[in-house]
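In: Here you go, sequence then predicted model.
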Amino acid sequence: DLEASEHEGRDYIFQLDRVMGAMKNRAGIAEWAYTSNITKENEDNWIQVRLDLSKQEKQSWEETKMYKWQDFQDFTLRRMFKKYSLLGASALSDEKYGKLMRYVSGMESNYATSKICSYKDQSKCDLALEPDITQEFSMSQDPEELKHYWVEWHKAAGAKARHNFTEYVNLYNEAAKLNDFQNVADWWQSEYEVSDFEQQLAKLWEDVKPLYQQLHAYVRKKLRDKYGDVVSARGPIPAHLLGNMWAQSWSNIESFTRPYPDKKEIDITQAMRDQNYTALKMFQMSDEFFRSLNLTAMPEKFWQNSIIEKPTDRDIVCHASAWDFFDGEDFRIKQCTTIDKEFFETTHHEMGHIQYFLQYKHQPFIFRDGANPGFHEAVGDTIALSVSSPKHLRRVGLSTGNAEDEQTEINQLYKMGIDKIVFLPFAYTLDLFRYGVFRGTTPPEDYNCHYWRLREMLQGVEPPVNRTEDDFDAAAKYHIAANVEYARYYVSFIIQFQFHRALCQFAGEYIPEDLNKKLVDCDIYQSVAAGNALANMLKMGSSKPWPDAMEVLTGQRAMKADGLLEYFRPLHEWLTAENQRTGEFIGWESSRTQYC
Ligand SMILES: C=C(C[SeH])C(=O)N1CCC[C@H]1C(=O)O
Ligand SMILES: [Zn+2]
């Protein structure tokens, strides 16, 4: 009868959960071994472990189907069964599952090990993306040099991945269908548990687009002033001039584009170098910030097992990552830290993942996840919004700036905006592109030119040189090569401002309409009230639908652009006035050249 099966179901699912937790630990150790030492042997071992585990997953999946869990009374039990009833990629045959993993590890290892030649010294051909190309790209103001690094990287990391990517799409879609999804796009979107996810993304973009267009027009003018006619007055911005390989953050061109150049600039990269900062010091500062909020300290194993600097004796996947080994004590970060502003933020970003792991480690294994993927990406960034405030940077001795005046505040909002606002159309493009690929509306013969049509339409950028279908520029971005869904970052860059605003109110740092408690000046450092409110949301993991988690912290049950727009309102007003003053054309006409 129903009662017996629900009672038996409870015993079964919690036993299964413990088995799955041990399996995730084993899989994590094998994947860590491979991505922290890229060799054929370690890749083979990782794939073998995953194949072994898929046998166990298939068997458990069959057992789960024997329970009429949809009729169970207990919400948590139903939710656990529902999540365990999704088998995932291991629904494929061993042969196909193995091939799918080979395609992905092939793309990821190519990305991680790609080397290109220096612009200045064509005989030096051992430049890796991190730290070499990233460093060059962030410092250079020579369009020809930037074009060289852009073209060579997109050739080495992008074009070479096209075959693997095309095969991966077919197999991954097969796996989606075996899990009762139309395609991978629907599978990825199901993670957000709303029926109109794609419409919500479009609505958020409509809300933010006017602000982005003003910022884009302003920056285009500044680049035109500096580089001349290579930057058109009314068209897209050439993507290699924005200080970042993917034009996803424009922070590196702040020094010569900021609104009030004669105002003192806070340069924490220089300050950290002057103060002999190490990677470890950055991690210790981040840990101390979280502890100041009454959150949890990094456990001993974190400091023992993490890799925070690039090894010199082997190839590793340098792209920053945070790892939960599902044993309640082993949590790690792997990143190739360099001492600069970008990695100061990245360190907080990754520590945010670890803090989330720590806060939900009491949950059943199946609920040890973000309320949705965007939540996991938002935790560290939300903390970093406080850390990057002038008030906080003064508190920790990374800035000697004086109190804010109107112009300094605009400069500060501009610095935040060329990181946070410009990221949104980039993130939106990446998964709009892949939704079309998985749905088949973008066929392989159109992959590259469609990718650029989306980038021009949404981001208002164009490639520095003509492109063809021999290129595959999308895979020059880690997450495309490594099969990591990207809408999570788009969601994160919206909701982190909802989280930040709520935390600032808990901390007494933000009071609407109070000019002494402005959002832009908020720093929640040492606020136990804010930390407790954040912890209450993080402890839930994925045990409840994400609107319940968001409501616990913000009182809102939907992701909305209002937090971001409120934060940047003074900048929006300033940009609009400035663009009117200089007569800028707002938006962009299609590119002068047919580049694809
Ligand atoms: C730092 C990570 C690892 Se989860 C990352 O991939 N991020 C953080 C912000 C956006 C995105 C990127 O680098 O493209
Ligand atoms: Zn992340």
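Out: Received the coordinates, thanks. Ligands and ions are numbered 1, 2, ... in the order given.

In: For this protein, which residues are neighbours of ligand 1?
Out: Proximity of the chain to ligand 1 (CB under 6 Å from any ligand atom) is limited to residues 248, 320-321, 346, 349, 489. All C-beta atoms are positioned from the backbone trio N, CA, C, and that covers glycine.

In: Which two of these have the greatest separation?
Out: The largest separation in the residues of the chain next to ligand 1, counting by CB to CB, is between 248 and 321 at 17.5 Å.

In: The residues of the chain next to ligand 1 in strands, which ones?
Out: Among these, the members found in strands (DSSP state E) are residue 321.

In: Specify which member of the residues of the chain next to ligand 1 is nearest to residue 586.
Out: Nearest to residue 586 among the residues of the chain next to ligand 1, with distances taken as CB to CB, is residue 248, at 21.8 Å.

In: tell me which element the closest residue to the closest one other than its chain neighbours is part of?
Out: Leaving aside its chain neighbours, residue 248 sits nearest to residue 426 (4.2 Å; criterion: CB to CB, 6 or more residues apart in numbering). Under the criterion of DSSP states H and E, residue 426 resides in helix 423-439.

In: Could you pull out the buried residues of that helix?
Out: 423-438 (16 or more other CB atoms under 10 Å).

In: Please save the CA atoms from it in PDB.
Out: Taking Å, rounded to 0.1, in the frame of the first residue of the first chain, the C-alpha atoms of helix 423-439 are listed here in PDB:
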ATOM      1  CA  PHE A 423      29.300  41.100 -19.300                       C
ATOM      2  CA  LEU A 424      25.600  40.500 -19.700                       C
ATOM      3  CA  PRO A 425      25.300  40.600 -23.500                       C
ATOM      4  CA  PHE A 426      28.400  38.400 -23.800                       C
ATOM      5  CA  ALA A 427      26.900  35.800 -21.400                       C
ATOM      6  CA  TYR A 428      23.500  36.000 -23.100                       C
ATOM      7  CA  THR A 429      25.200  35.400 -26.500                       C
ATOM      8  CA  LEU A 430      27.100  32.300 -25.400                       C
ATOM      9  CA  ASP A 431      24.000  30.300 -24.500                       C
ATOM     10  CA  LEU A 432      21.700  31.700 -27.100                       C
ATOM     11  CA  PHE A 433      24.300  30.400 -29.600                       C
ATOM     12  CA  ARG A 434      24.400  27.000 -28.000                       C
ATOM     13  CA  TYR A 435      20.600  26.800 -27.600                       C
ATOM     14  CA  GLY A 436      20.400  27.200 -31.400                       C
ATOM     15  CA  VAL A 437      23.200  24.600 -31.900                       C
ATOM     16  CA  PHE A 438      21.500  22.000 -29.700                       C
ATOM     17  CA  ARG A 439      18.100  22.700 -31.300                       C
END
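
In: what's the spacing between residue 560 and residue 498?
Out: Note on residue 560: its distance to residue 498, by CB to CB, to the nearest Å, is 7 Å.

In: Of those two, which one has the most company?
Out: Neighbour count, other CB atoms under 10 Å: between residue 560 and residue 498, residue 498 has more, with 24 against 18.

In: check contacts around residue 40.
Out: Applying CB atoms under 8 Å, 6 or more residues apart in numbering, we find residue 40 in contact with no residue.

In: before we move on, back to that, looking at the residues of the chain next to ligand 1, spot the one nearest residue 577.
Out: Ranked by distance to residue 577 (CB to CB), the residues of the chain next to ligand 1 are led by residue 248 at 27.2 Å.

In: which element follows the helix or strand containing residue 34 toward the C-terminus?
Out: In the assignment (DSSP H and E), residue 34 maps to helix 2-35. Using DSSP H and E, the helix or strand that follows helix 2-35 in sequence is helix 40-64.

In: any idea of the angle that next one forms with helix 2-35?
Out: 170 degrees (axes from the mean of the first three to the mean of the last three CA atoms, to 10 degrees).

In: following helix 40-64, which helix or strand comes up?
Out: Heading C-terminal from helix 40-64 (DSSP H and E), you reach helix 75-84.

In: Contacts made by that following helix with the rest, please.
Out: So helix 75-84 is in contact with 6, 9-10, 13, 16-17, 20, 60-61, 64, 67, 69-70, 72, 364, 366-367, 542-543, going by CB under 8 Å, 6+ apart.

In: Distance-wise, check the residue nearest to residue 442 when sequence neighbours are not counted relative to ligand 1.
Out: In this structure, residue 442 finds its nearest non-sequential neighbour in residue 436, 3.7 Å apart by CB to CB, 6+ apart. Residue 436 sits 20 Å away from ligand 1, going by CB to the nearest ligand atom, to the nearest Å.
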